[in-house]
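Engineer: Task: produce atomic coordinates for the following.
(2 chains)
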There are 2 protein chains.
Amino acid sequence: MRASRPTMTDVAKAAGVSQTTVSFVLNNRADANIPQETRARIHKAVADLGYRENAMAQALRLGKSNLIGLVTDEVATTPYAGLIIRGAQDAAWKYNRILTLVNTDCRADLESKAVEALLKHQVEGLMFATMYHHEISLPAGLGDIPVALVNCFDAGALVPSVVPDEVRGGYDATRYLIEHGHRDIGFLNKSDRIPAAAGRFEGYRLAMEEASLPVRDDRVLRLVGEQEAGFQGALQLMQQPDPPTALFCFNDRVAMGAYMALQRLGLHVPDDVSIIGFDNQEVIAAHLLPGLTTMQLPHYEMGCWGVDRLLGDAPASGNRVLLPCPLVERGSVAAPAR
Amino acid sequence: MRASRPTMTDVAKAAGVSQTTVSFVLNNRADANIPQETRARIHKAVADLGYRENAMAQALRLGKSNLIGLVTDEVATTPYAGLIIRGAQDAAWKYNRILTLVNTDCRADLESKAVEALLKHQVEGLMFATMYHHEISLPAGLGDIPVALVNCFDAGALVPSVVPDEVRGGYDATRYLIEHGHRDIGFLNKSDRIPAAAGRFEGYRLAMEEASLPVRDDRVLRLVGEQEAGFQGALQLMQQPDPPTALFCFNDRVAMGAYMALQRLGLHVPDDVSIIGFDNQEVIAAHLLPGLTTMQLPHYEMGCWGVDRLLGDAPASGNRVLLPCPLVERGSVAAPAR
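Structural biologist: Have a look, this model is predicted:
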């Protein structure tokens, strides 16, 4: 298949000129004094033959591949992967780069193999993206290639990384409920020892204390699971004799479970109970009844940032960048009835 | 950055041999008679310098890039994109190929630009993947490069393509309800003129007729929208004086809306009404209460197929391949109460 593709030699032959002349014309060399008629003949030969410059040859000549490598741990089972990839993709376009993608399925052996393969292809920079915010260890053998971490970070902050500002997100979510008049706010958190759970709780605590509201142990649940956990957690909090008037849910899946529990208890959102989520997972948040007010994880923006950091003028704001999680208002928060 | 990377010349210098000798040793040329001691010295120099063969130079030499191009219309807002990408990715690994990815955001101008860029990088084959099953027009200028279409097809079936077997999926879903004793089955279909809506209805019709059951106009709704449409559609069907005992939902999002409507009507799944979905969108189907029985769209398998078709021994079964949509049993179907 490859043998049939036209080469620069074919163009030269068809135009009746030397290969050097073709190269000069196609690369717009200013110092080459080539008659317009010859240039036209060469361009016609290019069009007739369907000649296309070999980007690999060009890359070797110019010393750059125009490829950016993206190594992800898991693109299949999370709906966010697409947003990181799309952000990286859109940014890559901006720089006329092509994104090469390897999914390692959370396997260290595949990660090494992926990095090796991408480095062999002379990628100009490497991004590592994870599907949930956590610490990673960088594989060996990266040498001096530029690296950016997206939604993850290394222990020593040796490498530039971008992650969501979980504390600020938790603070803003809680503050939003307080501003609507809620003073007794339950928190359906996750039990996992992950930055999202620790950070969002820290934000909740800060907002409660700032408003001189107590952080009660019996109002903060540390759950295992997703919708099912939200369902059980909401039942537990709302069946107390004196239940909270609002629930801050660790994520939209937990909030979906909480909705189901409230419906089972005959309680209405937001008239009886207000709910705020986290993530803005569109398939859930935009389509619950009522729509879920939630904090948006900046996956798209983090994907863009990664490529900007590798190729462009990303702000020189240190190696650990936090992006905000903006509020997305829908219909699940109102003033408390009592 | 690139200048600091060691070259084959650096290896030759460090090992005190010619570059040709280095090349012979690293490429395992059988005809080269090189003493073991020299080989060891070269391998030590490679390790000391961190030399890595340039895959672009190798590709130019061998006439193949080891890159596969994947052009997608929209990876960001659909949870299925990840499964197609992962399937393609896993298959690419199998052939020691790297996947290059371009997302065109459904814009024809970006598609042409993407194809041009990928062809310049000498990709060995091109896959076009769409996020819902529909007909596409191939961009011009593909030349003789191998092409495979994933989840889409061209009008003339000139190019190999793989799509879900919608008719068979619709038939199997309806048949499953009939086998559980249902004889009056509502169908919450979509109004869009797309292969999924037409095919799934055709399968429903075939299964009903095979069981000598009537296909009633008032049992088949053609909806606009997702969860909200399923909510309204289920209310409409179930508030009839003599409602159906089971609902076949166009997809899991429609089924999620139907669940919400049934809960509002005080009806239980599956005791009062059985529900079957389509797609197996995990974040919904696995986490509704009860879990949703549904038909799985073969996105992962289609992604694998695309790469196999480009590089491997994909079965020579014509240019239009249909993959089955297997049943995923959860808890939303039971025998009718009456």
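
Engineer: Which stretches in the stretch 101-250 of chain A count as strands?
Structural biologist: Assigned by DSSP state E, counting those that start in this stretch, the stretch 101-250 of chain A shows strands spanning A:126-135, A:147-153, A:161-164, A:185-190, A:220-223, A:246-249.

Engineer: Identify the residues contacting A:Leu49.
Structural biologist: A:6, A:10-11, A:14 (C-beta atoms under 8 Å, 6 or more residues apart in numbering or on different chains). All C-beta spots, glycine's among them, are computed from the backbone N, C-alpha and C.

Engineer: My error: substitute A:Arg264 in the last question.
Structural biologist: Per C-beta under 8 Å, 6+ apart, neighbours of A:Arg264: A:Leu235.

Engineer: coming back round to it: and among the strands of the stretch 101-250 of chain A, the most buried is which?
Structural biologist: strand A:246-249 (a mean of 30; mean count of other C-beta atoms under 10 Å in any protein chain shown).

Engineer: Which strands and helices lie in contact with that strand?
Structural biologist: helix A:166-179, strand A:185-190, helix A:227-238, helix A:252-264, strand A:274-279 (3 or more C-beta pairs under 8 Å, 6 or more residues apart in numbering or on different chains; DSSP states H and E).

Engineer: which stretches of chain A aren't confidently modelled?
Structural biologist: A:1-4, A:55-56, A:59-63, A:75-79, A:313-317, A:338 (pLDDT under 70).

Engineer: can you pull out the helices in it?
Structural biologist: Shown for chain A, the helices assigned by DSSP state H span residues A:8-15, A:19-26, A:36-49, A:55-62, A:81-94, A:108-120, A:166-179, A:195-210, A:227-238, A:252-264, A:282-285, A:299-311.

Engineer: can you redo those helices as CSV with distance to B:Arg97?
Structural biologist: Listed next are these as CSV, based on distance: least, C-beta to C-beta, whole Å:
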stretch, distance to B:Arg97
helix A:8-15, 26
helix A:19-26, 29
helix A:36-49, 27
helix A:55-62, 15
helix A:81-94, 18
helix A:108-120, 9
helix A:166-179, 37
helix A:195-210, 35
helix A:227-238, 38
helix A:252-264, 35
helix A:282-285, 32
helix A:299-311, 23
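
Engineer: Of the ones you listed, which is nearest B:Tyr95?
Structural biologist: Checking those against B:Tyr95 by C-beta to C-beta gives helix A:108-120 as the closest, at 11.9 Å.

Engineer: can you give me the angle that closest one makes with strand A:147-153?
Structural biologist: 150 degrees (axes from the mean of the first three to the mean of the last three C-alpha atoms, to 10 degrees).

Engineer: Pull out the buried positions in helix A:108-120.
Structural biologist: A:110-111, A:113-115, A:117-120 (16 or more other C-beta atoms under 10 Å in any protein chain shown).

Engineer: for those residues, which one is nearest A:Ile136?
Structural biologist: Among the buried residues of helix A:108-120, and counting by C-beta to C-beta, the member closest to A:Ile136 is A:Glu111, at 9.5 Å.

Engineer: From chain B, how far off is that closest one?
Structural biologist: With distances taken as C-beta to the nearest C-beta, to the nearest Å, A:Glu111 is found 12 Å from chain B.

Engineer: which residues sit in contact with that residue?
Structural biologist: A:71, A:104, A:139.

Engineer: again, only using 10 Å
Structural biologist: Contact partners of A:Glu111, counting by C-beta atoms under 10 Å, 6 or more residues apart in numbering or on different chains, are A:71, A:73, A:102, A:104-105, A:128, A:136-139.

Engineer: now that we have the residues you listed, which one has the most neighbours?
Structural biologist: A:Phe128 (27 neighbours; other C-beta atoms under 10 Å in any protein chain shown).

Engineer: thinking again about what came up before, which of the contacts of A:Leu49 are close to chain B?
Structural biologist: Residues of those in contact with chain B (C-beta under 10 Å from any C-beta of the partner chain): A:Pro6.

Engineer: Could you dump the contacts of A:Leu49 into JSON lines with neighbour count and distance to B:Asn96 added?
Structural biologist: JSON lines is the format used below for the contacts of A:Leu49 (neighbours: other C-beta atoms under 10 Å in any protein chain shown; distance: C-beta to C-beta, whole Å):
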{"residue": "A:Pro6", "neighbour count": "17", "distance to B:Asn96": "28"}
{"residue": "A:Asp10", "neighbour count": "17", "distance to B:Asn96": "30"}
{"residue": "A:Val11", "neighbour count": "25", "distance to B:Asn96": "32"}
{"residue": "A:Ala14", "neighbour count": "18", "distance to B:Asn96": "36"}
